[in-house]
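*Asks:* Have a look at this fold, sequence not included:
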């Protein structure tokens, strides 16, 4: 080897003579090994480059060999060095292939994230902030940790399909004044579900969307009771809609889904709404009150008969229109089956270290001996401290009777106590009047803690709640005390 690091046959005693006398096949092997090693530029020059002079000498050796068929041993040192060079370059090729594969996987992951962001932008409605604070809160990044919708394979290349959902299971321990029971339930505050979202972009302004969402909830807390501890699997077609969205003109939705008034009584920034929000009955809706006196018999009154947050018309088959958002405000109206209609106004804002969201709605439920229904809510979060306040109220007009009303208030704190994720606390109070009968009065208090585990998209929660009913039109009843522990996993 010379100072430049090139192989020199002149420096190897007798090498040229040996090559000229080498067998033809063996010389060809040497040339092939040399030619394979030359193009790889990633290796160090001292290990991989053979000089043009050496190449000429080897070629001359091959030409001479064609005239001389004598066979003598080949210089073993030269062959070892050539073999080492080839092995080094092969190793570099394998390393480069692995690096290329890693870069390809990273690019694929980045493309999936970009697709997810584009779909989220297209699927946002003007009322998304207020509507999402309840059971759809994962869809609203400003109010809750975002739930990413990753693209999956679609049967139609023109429409992007995404899949998401959650499982929310809990155990409730219920004391009804006489007996205590343990009930595994699906938490209907935010029940287990699966959803499919399809989106397609027409142009820079218009896009179309579809949504199918189904609840699959074995032994839902909305139905479990002392007399029916295992009511079976509950299926509910939550969504089945088609939508047309314009950035300039708003969104038009046709099919089953949120009415314009749904979730307007349930705006909540406390992050405890996986188990605690304005609809306090959800975790024990089917539980029956028990008489205080006599035989302590169970009544036919359920918790959900007494506590109702008057949250609009829920999800129905409807035609709904949402305006674009102006200065944080948006409007929505919907025409609902069975001659019902509603309208809602939504607002969300940030500033001075605060986040705030609110909503108000008016609806006609078309119920016998009833008039219009009104509801609204407001939630404020101080971002630096995590302190928050949530208020909600609803009223149902009645013919020749006092209106049924519900008032709800909660104070909360979102803390950063560990590396797992945020920890949220909440204490609430609810007052219900004229339910289930005129002059009846009810109250409830609850306390909740929720631990977020960000790495696995899971929330662990516990809750204590006391339901009390003061009756004027029937026998006195015992309080119902419910303790809950559970977890929600999002996917």
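*Replies:* Thanks, I have it. Computed from a prediction, not measured in an experiment: that's the story for all the values here. Residues are numbered from 1 along each chain as shown.

*Asks:* which element is residue 396 on?
*Replies:* Following DSSP states H and E, the helix or strand that holds residue 396 is strand 387-398.

*Asks:* Which secondary structure elements does that strand sit against?
*Replies:* Counting contacts by 3 or more C-beta pairs under 8 Å, 6 or more residues apart in numbering; DSSP states H and E, strand 387-398 packs against strand 370-382, strand 404-415. No exception for glycine: its C-beta is placed from N, CA and C like everyone else's.

*Asks:* With respect to residue 284, which of these lies nearest?
*Replies:* When those are compared by C-beta to C-beta, strand 404-415 sits nearest residue 284, at 16.1 Å.

*Asks:* which other helices and strands contact whatever helix or strand comes next after the closest one?
*Replies:* Per DSSP H and E, strand 404-415 leads on to strand 423-433 as the next helix or strand towards the C-terminus. Counting contacts by 3+ C-beta pairs under 8 Å, 6+ apart, strand 423-433 is packed against strand 404-415, strand 441-453.

*Asks:* and the first one, what's its mean pLDDT?
*Replies:* In this model, strand 404-415 has an average pLDDT of 98.

*Asks:* low-scoring stretches of the protein, by residue?
*Replies:* 1-75, 116, 118-154 (pLDDT under 70).

*Asks:* quick one: the helices in it?
*Replies:* Secondary structure of the chain by DSSP state H: the helices cover 15-20, 24-37, 45-48, 52-67, 76-123, 128-131, 303-306.

*Asks:* So which elements touch the longest strand along the chain?
*Replies:* As assigned by DSSP state E, the longest strand anywhere in the chain is strand 160-175. With contacts taken as 3+ C-beta pairs under 8 Å, 6+ apart, strand 160-175 sits against helix 76-123, strand 151-152, strand 180-186, strand 193-201, strand 480-490.

*Asks:* mind checking which of these is nearest residue 162?
*Replies:* Closest approach to residue 162 among these (C-beta to C-beta): strand 193-201, 4.6 Å.

*Asks:* Turn the helices and strands packed on strand 160-175 into TSV, columns for mean neighbour count.
*Replies:* Shown next, in TSV, are the helices and strands packed on strand 160-175 (neighbours: other C-beta atoms under 10 Å):
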stretch	mean neighbour count
helix 76-123	13
strand 151-152	14
strand 180-186	18
strand 193-201	19
strand 480-490	19
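
*Asks:* Tabulate the ones you listed (a markdown table), appending distance to residue 325.
*Replies:* Converted to a markdown table, the helices and strands packed on strand 160-175 look like this (distance: least, C-beta to C-beta, whole Å):
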| stretch | distance to residue 325 |
| --- | --- |
| helix 76-123 | 13 |
| strand 151-152 | 26 |
| strand 180-186 | 34 |
| strand 193-201 | 19 |
| strand 480-490 | 26 |
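
*Asks:* closest to residue 303 out of those?
*Replies:* Taking the helices and strands packed on strand 160-175 one by one with C-beta to C-beta, strand 480-490 is closest: 6.5 Å.

*Asks:* Just checking: what are the partner strands of the closest one?
*Replies:* Applying DSSP bridges, strand 480-490 is found paired with strand 160-175 (antiparallel), strand 458-470 (antiparallel).

*Asks:* With mean neighbour count and distance to residue 341 added, can I get these in a markdown table?
*Replies:* Below are the strands paired with strand 480-490 laid out as a markdown table (neighbours: other C-beta atoms under 10 Å; distance: least, C-beta to C-beta, whole Å):
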| stretch | mean neighbour count | distance to residue 341 |
| --- | --- | --- |
| strand 160-175 | 19 | 31 |
| strand 458-470 | 20 | 33 |
